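Structural data only, the sequence is not supplied:
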Ligand code: XMP
Ligand code: MG
């Protein structure tokens, strides 16, 4: 394992090891197994960043469950907050179902806040957010993040699914910009 990597024009140093990620993912999956005992949740994994996290998390979930992959597509619209993002690929009916959103990283929280608002009209029985990473220093909205593997400082990270300009997703550790 190299301690630093180059992704395009930037250099990154290891900040969360593969072993630590594995332990935190297991801890969060155990919390979900306990909290959702007797239920059949549907996981909504947000592409692209959460694909590795979702794969590892699901293998630690022992509940009868489903997973669906969604994408948040930006489109031009009239909004006071600027960018509007629409959920693409929500093919499963979530009406009356407990939904667990699987996200790679919560930064300002605006993406997750908007996704919650978009899912509510589908009338799921509950919605929880499960994120790999959270930057508490950057949160701009009052967001209830029930499951979080690790809180990190306000630095840019790549690896384990997270990218810099499309590259850097294919590492086992997580790296921070140096
Ligand atoms: P908000 O601010 O809406 O944004 O919570 C969440 C989305 O921003 C991206 N993001 C990152 N991606 N390394 C990344 O690879 C980072 O450090 C980072 N911070 C935010 C990410 O797409 C996330 O879904
Ligand atoms: Mg993302």
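Okay, I see it. Computed from a predicted structure; not experimentally measured. Ligands and ions are numbered 1, 2, ... in the order given.

So residue 23 belongs to a helix, correct?
Yes. Counting by DSSP: H, G, I helix; E, B strand; the rest coil, residue 23 is part of a helix.

measure whichever residue of the chain sits closest to ligand 2 to residue 27 for me?
Ranked by Cβ to the ion, the top residue of the chain for proximity to ligand 2 is residue 49, at 3.6 Å. Yep, even glycine has a C-beta here, placed from its N, CA and C like the rest. To residue 27, residue 49 is 20 Å away according to Cβ to Cβ, to the nearest Å.

These two: who's more crowded?
residue 49 (20 against 13; other Cβ atoms under 10 Å).

In contact with that one, which residues?
Listed by Cβ atoms under 8 Å, 6 or more residues apart in numbering, the contact set of residue 49 reads 103, 104, 105, 161, 162, 163, 169.

Settle this for me: the fifth one is touching residue 168, isn't it.
Yes. Taking contact to mean Cβ atoms under 8 Å, the distance of 7.1 Å between residue 162 and residue 168 places them in contact.

what are the bridge partners for the residue nearest to the spatial centre of the chain, then?
Centroid-nearest residue in the chain: residue 103, 1.1 Å away (criterion: Cα atoms, centre = their mean). Residue 103 has the following beta-bridge partners by DSSP bridges: residue 131.

Give me the local confidence score for the closest residue to the residue of the chain closest to ligand 2 other than its chain neighbours.
Among residues not flanking residue 49 along the chain, residue 104 sits closest, at 3.3 Å (Cβ to Cβ, 6 or more residues apart in numbering). pLDDT, residue 104: 98.
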